[in-house]
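Peer 1: quick one: sequence plus predicted model below, questions after.
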Amino acid sequence: MLTKTTTLNSYQAALGMKKRLTAPMRACASWAMLEEHDKILDMCCGDGALLNSLNEKMRLTLCGLCEQPEQARAVREMLDDADVISGRVDDIPWRDDSFDIVLLPACVKGDAARRAIEEAYRVLHQGGQFVMASSHMQLSENGLSRREMMRLMQETGFTAVSCRKNLFCGALVGFKPRKEEK
């Protein structure tokens with residue numbers, strides 16, 4: 001029988017090994033325009049590999065969202081200063097205008113895609129960047145093409161929305177406009 005302690009120990013054991021970044025994580029990391037001390041949110045931080053990789057490169061304020069509380073606890077223990085909590089991408093529990101960069105290195109399905117984009121927009125500072133992994137296939141897993149996802153981002157309010165290609169996975173990039181840009 002699995003208990004919370006057993007589950008937490010298995011997450012911690014898995015996190016102890018050096019995790020490789022997946023193609024969507026690499027795409028998000030490649031196109032994120034990071035600066036020292038930026039406040040970053042990984043909307044789907046999983047085992048914390050992307051946050052850990054970014055943390056090794058420069059000083060950032062790291063935040064992450066995990067679906068499972070045990071997973072969030074394990075990532076918090078791995079990344080001492082990170083603020084990692086349990087939650088859903090379509091209902092981010094941080095205040096408006098909290099982050100410089102929001103990363104979504106996973107595909108969200110159905111109506112959750114629109115809600116995740118809206119939530120990313122809500123929690124970004126003005127001028128902040130949103131980077132979302134995108135499949136090279138014509139249709140993403142949620143049935144929307146990259147062009148339709150870009151349109152959703154523009155309808156939400158993102159500007160300079162573009163599709164950036166990477167080796168195995170691309171990224172959709174958009175910026176929350178500053179007041180003078182609106």
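Peer 2: Yep, that arrived.
Peer 1: show me where the protein has strands.
Peer 2: 39-42, 61-66, 83-86, 99-104, 124-134, 159-164, 170-175 (DSSP state E).
Peer 1: beta-bridge partners for Phe130, please?
Peer 2: When bridges are called by DSSP bridges, Phe130 pairs up with Val102, Gly174.
Peer 1: distance-wise, check it relative to Met78.
Peer 2: As judged by Cβ to Cβ, to the nearest Å, Phe130 and Met78 stand 25 Å apart. For the C-beta atoms, the positions are set from N, CA and C on the backbone; glycine is no exception.
Peer 1: these two: which is more packed in?
Peer 2: Each of Phe130 and Met78 has its neighbours counted (other Cβ atoms under 10 Å); Phe130 has more, 28 against 20.
Peer 1: and the more buried one, what does it touch?
Peer 2: Shown in contact with Phe130 (Cβ atoms under 8 Å, 6 or more residues apart in numbering): 101-102, 104, 117, 120-121, 124, 153, 158, 173-176.
Peer 1: what distance do you get for Ile40 to Ala23?
Peer 2: Going from Ile40 to Ala23 by Cβ to Cβ gives 19 Å.
Peer 1: between the two, which is the more surrounded one?
Peer 2: Applying other Cβ under 10 Å to Ile40 and Ala23 shows that Ile40 carries more neighbours, namely 22 against 16.
Peer 1: give the contact list for that one.
Peer 2: Ile40 neighbours (Cβ under 8 Å, 6+ apart): 32, 34, 51, 54, 60-63, 99-103.
Peer 1: 10 Å instead, please
Peer 2: By Cβ atoms under 10 Å, 6 or more residues apart in numbering, the residues touching Ile40 are 32, 34, 50-51, 54-55, 60-64, 82, 99-103, 129.
Peer 1: what's the separation between Ser98 and His125?
Peer 2: Look at Ser98 and His125: by Cβ to Cβ, they are 7 Å apart.
Peer 1: what touches both of those two?
Peer 2: With Cβ under 10 Å, 6+ apart, Ser98 and His125 have common neighbours Lys39.
Peer 1: test my guess that Leu167 contacts Pro24.
Peer 2: No - between Leu167 and Pro24 there is no contact under Cβ atoms under 10 Å: 11.6 Å.
Peer 1: give me the more crowded residue out of these two.
Peer 2: In terms of neighbours (other Cβ under 10 Å), Pro24 is the more surrounded of Leu167 and Pro24; the figures are 24 against 10.
Peer 1: who are the neighbours in contact with the residue nearest to the more buried one when sequence neighbours are not counted?
Peer 2: Using Cβ to Cβ, 6 or more residues apart in numbering and skipping the chain neighbours, the partner closest in space to Pro24 is Ala133 (3.3 Å). Residues near Ala133 by Cβ under 10 Å, 6+ apart: 22-28, 31, 44, 103-107, 140, 166, 169-172.
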